[in-house]
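Asks: I'll drop the sequence and a predicted model, then ask my questions.
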Amino acid sequence: MRSVRKGLAGFLVMVMVIAMIPVLAEVKSIQAATAAEITLPYENSLVAAGYVKITWKGASGSVKNYQVYVDGQKVTTTTKTEYEYYTTQVRKFQVSVKTVYTDGSSVSSETRNFYVTKKGLAVNEVMGEHLSPLEMNMGWYYTWGTNEFSHSTYSFAQFVPMQWGTGNEENNINTAVSRGYRYFLGYNEPDMGGDVGGSNMSVQTALSNWPKLCGKDIHLGAPAPALCPAWSNGSWFRSFMDSVDQNSFEFIPLHCYYGTYGGAEAANTFLTEVVDGTWNMYHKPIWVTEFAINGWGISDEYGKKKVKEFMEAVIEGLNEREYVERYSWFSFNTTDGYNSASALWTNATGELTDLGRTYVNNGNPAGYDYQVALESRPYTVSISDRNALLPDSVTIKNATYEDLITRNGVSVTASSELGNNKATGAIDNSISSRWESVQKVDPQSITIDFGETRNIKQVDIVWEGASAAQYSVDVSEDGVNYESVATVSSSRGTRWDCIRFSKMQSARYVKINGSSRTTPYGYSIYDLAIYGMDAVDPKMQIQMHGYQISTTHEGYRVVCSVEPEIGGKTVQSYGVVYAIGKLNGTTNTGVTEEELIVGSDNPYVKSYTAVPSAILNAQYSQSDTAINYAQVMKFGKKNIKAFQTIYAVRAYAKLEDETYVYSNMKSTSVAYLADYIYTRQLINNYNAHQYLYKEILKVVNSDYKEIAFDWSKTKF
């Protein structure tokens, strides 16, 4: 076999014969540099039906456009970096984004899995304080108001604001748009009096004020009538529809309560008369934002049985109807003796009733698991109270992270300052001083410069009452080009926000960037802490440089390098740790970076020590002192499952004191590698070209199109 030419750390630029097919540097770096990377939806997340927002990081280079694929089918071609995909199917979906370049080449992102649900929660602060929409399998919620909950458990569900009655319409919907909300509900029960929960307005009043809500970049719902338009007494909504521009809104919310009428019979009446009846009249998507049965108490066993039968049948029927986008049961409290058979939980504790468990467990997309969804999120947010300085360090999973702001050489700047409340007031080790921006101006930001690159695990902020209703945490290496790594929403004023990243973020600059406020004033922070550790020079550690496909050994090869001494300690041995991240590219095994270690008891993890024959003559590290080595993982079975399985990999080194150090974790599949190499013709011989096509790509996709071999790339 011909020896490999030297390359830089950023490349595996190799000339090899059949035995080894080269690929450019590590797959994750390839995607970050040349392909789109999906940012929303999160992996394995539960999202609300209707318009699902898909976003991605734009690719570098001469990009012609992006093609979005859902379940393998192209749904749009766009030059933007976001797209709203419409669906009302309650099931699992897969999305990928292909970057198409002006030279005709293309590369696809990794596939992202997400689940769609129609179920939501109708709750106010008293009702929902102790609930977790994520654990309850809910994709959305509303509060009959315009401010989302400050409870951190609600950050996992989509909030939908509502205009209760007339007054302040333009400000409310403009605020909703500025906060990035995608839906807005119209007037609540305008056909009912305030004594029974309605907003009590005439049709003419609603028509006069309705234009204030229209024409915004948001999906607007009609007023939600308490009396079904298909009923004889549903004249309010019919009159409204006779005079309003029906193109001014996109969907119709409905409310419906039956008095001691339950079971399958009531469910059929509800579905056909209320839901189907309204659809047949106006042919607009339906949201059922309140429905329940009243008149039976929680001690009435017959009533509870009939309510449960009604709920199960209705959920099934609503999920089956394509024109139904969403629904949310109304939960009476368990203390309501007259209606508590319809209670889903006890307000004071959040403890679910039997009916609540029925609501939680029915109508969910097959395969969804909230624990997997939680672990897949790139960050979590918790919101609580605090009136003291933040600690100098935090411990997370037995690892200690110090507040990097306390280091020497750290500086702070802000987009604006008001009076004596300078930017330094947020980091001066005093809870009585604060930073304050100018008032009534968005956006505003405060930026920390560490002076050098650090690894960031957690960001904590103690806000004054004039806080951010919506803000992002942005990171940068140069102070010019920023990337948003977290977004936080809360209607609460004085509070303590804690943003914890699943994987550490590398940055020199960290910006807290406020886009909307909780008050008419500005933004104000009492204390700010950023927890993490020093960024280690990769030339003095252990690295993974990329992947190759070996036709000789029938496997994929990981190329690594390690310094003979790390941190003043001699390296005793080194190798590679593997894990099955996703079986067949779809089933997440739940292996975390913390488990991808030598000696892990996770059955999906295994480590191998490099043998002397693994040492390479070629140099891939930028360091002349590093040892370059490789490890081959054989394919085993050459089938779709084996080729689409995603493997997580990291290099390791064992030091003289028996401790271990590890490279970053990377993930890829044989199918992705083969496609990447083949479509770019990163091959210098015909036999290797044919091997990729016949032995891998056609196995994965029988419709895969063959590419003629470029003979000009051969070397003799």
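Replies: Cool, the structure landed.
Asks: tell me the helix or strand right after the longest strand anywhere in the chain.
Replies: The longest strand of the chain (DSSP state E) is strand 495-517. For strand 495-517, the succeeding helix or strand toward the C-terminus, using DSSP states H and E, is strand 524-534.
Asks: what's the distance between the longest strand of the chain and the middle of its chain?
Replies: Distance of strand 495-517 from its chain centroid, counting by Cα atoms, centre = their mean, to the nearest Å, is 16 Å.
Asks: now the nearest residue to Ser62 once chain neighbours are set aside: phi and psi?
Replies: Excluding the flanking residues, the one nearest Ser62 by Cβ to Cβ, 6 or more residues apart in numbering is Thr102, at 4.3 Å. C-beta: built from backbone N, CA, C; applies to glycine. As for Thr102, its main-chain torsions (degrees, to the nearest 10) stand at phi -70, psi -20.
Asks: so what's the residue count around Thr102?
Replies: Counted with other Cβ atoms under 10 Å, residues neighbouring Thr102 total 10.
Asks: next: Thr424.
Replies: 14.
Asks: which helix or strand contains the residue nearest to it when sequence neighbours are not counted?
Replies: Of all residues not flanking Thr424 in the chain, Val412 sits nearest, at 5.9 Å (Cβ to Cβ, 6+ apart). Using DSSP H and E, the element containing Val412 is strand 411-414.
Asks: follow-up on the earlier one: any idea how far Val438 is from the residue nearest to Thr424?
Replies: Noted for Val412: a distance of 17 Å to Val438, by Cβ to Cβ, to the nearest Å.
Asks: compare those two (neighbour count), which wins?
Replies: It is Val412, of Val412 and Val438, that has more neighbours when counted by other Cβ under 10 Å, with 18 against 15.
Asks: isn't that one up against Asp428?
Replies: No - the criterion here is Cβ atoms under 8 Å, and Val412 misses it with Asp428 at 9.4 Å.
Asks: tell me where the stretch 601-716 of the chain has strands.
Replies: Assigned by DSSP state E, counting those that start in this stretch, the strands in the stretch 601-716 of the chain fall at 605-609, 627-634, 646-655, 660-662, 666-668.
Asks: now the ones you listed in a markdown table, with mean pLDDT, mean neighbour count and distance to Pro520?
Replies: Compiled in a markdown table, those are given as follows (pLDDT from 0 to 100; neighbours: other Cβ atoms under 10 Å; distance: least, Cβ to Cβ, whole Å):
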| stretch | mean pLDDT | mean neighbour count | distance to Pro520 |
| --- | --- | --- | --- |
| strand 605-609 | 93 | 16 | 54 |
| strand 627-634 | 89 | 19 | 60 |
| strand 646-655 | 92 | 22 | 49 |
| strand 660-662 | 91 | 17 | 50 |
| strand 666-668 | 87 | 19 | 47 |
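Asks: can you redo the ones you listed as TSV with distance to Leu131?
Replies: Output for the strands of the stretch 601-716 of the chain, formatted as TSV (distance: least, Cβ to Cβ, whole Å):
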stretch	distance to Leu131
strand 605-609	36
strand 627-634	45
strand 646-655	34
strand 660-662	39
strand 666-668	34
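Asks: which of those sits closest to Ile530?
Replies: Closest to Ile530 of those is strand 660-662 (Cβ to Cβ; 23.4 Å).
Asks: that closest one pairs with which strands, parallel or anti?
Replies: The strands beside strand 660-662 in its sheet (DSSP bridges) come out as strand 646-655 (antiparallel).
Asks: chain center to the strand it pairs with, what's the gap?
Replies: Per Cα atoms, centre = their mean, the displacement of strand 646-655 from the mean C-alpha position of its chain is 26 Å.
Asks: between that strand and strand 627-634, what angle do the directions make?
Replies: 140 degrees (axes from the mean of the first three to the mean of the last three Cα atoms, to 10 degrees).
Asks: any idea of the angle strand 646-655 forms with strand 605-609?
Replies: Orientation of strand 646-655 against strand 605-609 (the same axes, to 10 degrees) gives an angle of 50 degrees.
Asks: related to what we said a few turns ago, show residues contacting the next helix-or-strand element following the strand holding Val412.
Replies: Next helix or strand after strand 411-414 toward the C-terminus (DSSP H and E): strand 435-436. Contact partners of strand 435-436, identified using Cβ atoms under 8 Å, 6 or more residues apart in numbering, comprise 414, 417-419, 421-426, 446, 464, 466, 522-525.
Asks: average pLDDT for strand 435-436?
Replies: Strand 435-436 shows a mean pLDDT of 98.
Asks: okay, now the sheet partners of that strand, with direction.
Replies: Using DSSP bridges, strand 435-436 pairs in its sheet with strand 524-534 (antiparallel).
Asks: can you give the distance of stretch 653-670 from its chain's centre?
Replies: Distance of stretch 653-670 from the chain centroid (Cα atoms, centre = their mean) equals 27 Å.
Asks: got it, and stretch 41-50?
Replies: A distance of 8 Å separates the centroid of the chain from that of stretch 41-50, by Cα atoms, centre = their mean.
Asks: how about stretch 693-702?
Replies: Relative to the centre of its chain, stretch 693-702 is centred 32 Å away, using Cα atoms, centre = their mean.
Asks: straight-line length of that stretch, end to end?
Replies: 10 Å (Cα to Cα, to the nearest Å).
Asks: outside of it itself, list whatever touches it.
Replies: Residues from elsewhere that reach stretch 693-702 (Cβ under 8 Å, 6+ apart): 549, 638-640, 643-644, 670-671, 674-675, 678, 704, 706-707.
Asks: what do you get for stretch 380-395?
Replies: Residues outside stretch 380-395 that contact it (Cβ under 8 Å, 6+ apart): 150-152, 155, 374, 400-403, 406, 429-431, 458, 460, 462, 486, 488, 490, 492, 494-500, 502, 527-529, 531.
Asks: which of these count as buried?
Replies: Listed as buried from the contacts of stretch 380-395 are 150-152, 155, 374, 401-403, 458, 460, 462, 486, 488, 490, 492, 494-500, 527-529, 531; burial here means 16 or more other Cβ atoms under 10 Å.
Asks: on that earlier part again, out of the contacts of stretch 693-702, who has the most neighbours?
Replies: Top of the contacts of stretch 693-702 by neighbour number is Ile549, holding 27 neighbours under the definition other Cβ under 10 Å.
Asks: and the helix or strand hosting that one, what's its mean pLDDT?
Replies: Using DSSP H and E, Ile549 falls within strand 542-550. Rounded to a whole number, the mean pLDDT of strand 542-550 is 86.
Asks: quick thing: my sequence starts at 645, can you match it?
Replies: Okay, using 645 as the starting number, the last item reads as strand 1186-1194.
Asks: contacts for the helix or strand following it, please.
Replies: From strand 1186-1194 onward toward the C-terminus, using DSSP H and E, the following helix or strand is strand 1199-1206. Residues external to strand 1199-1206 that are found in contact with it (Cβ under 8 Å, 6+ apart): 656, 664, 1185-1194, 1215, 1218, 1220, 1260, 1264-1265, 1267, 1270-1279, 1293, 1295, 1297, 1307, 1312, 1314, 1317.
Asks: that'll do, ta.
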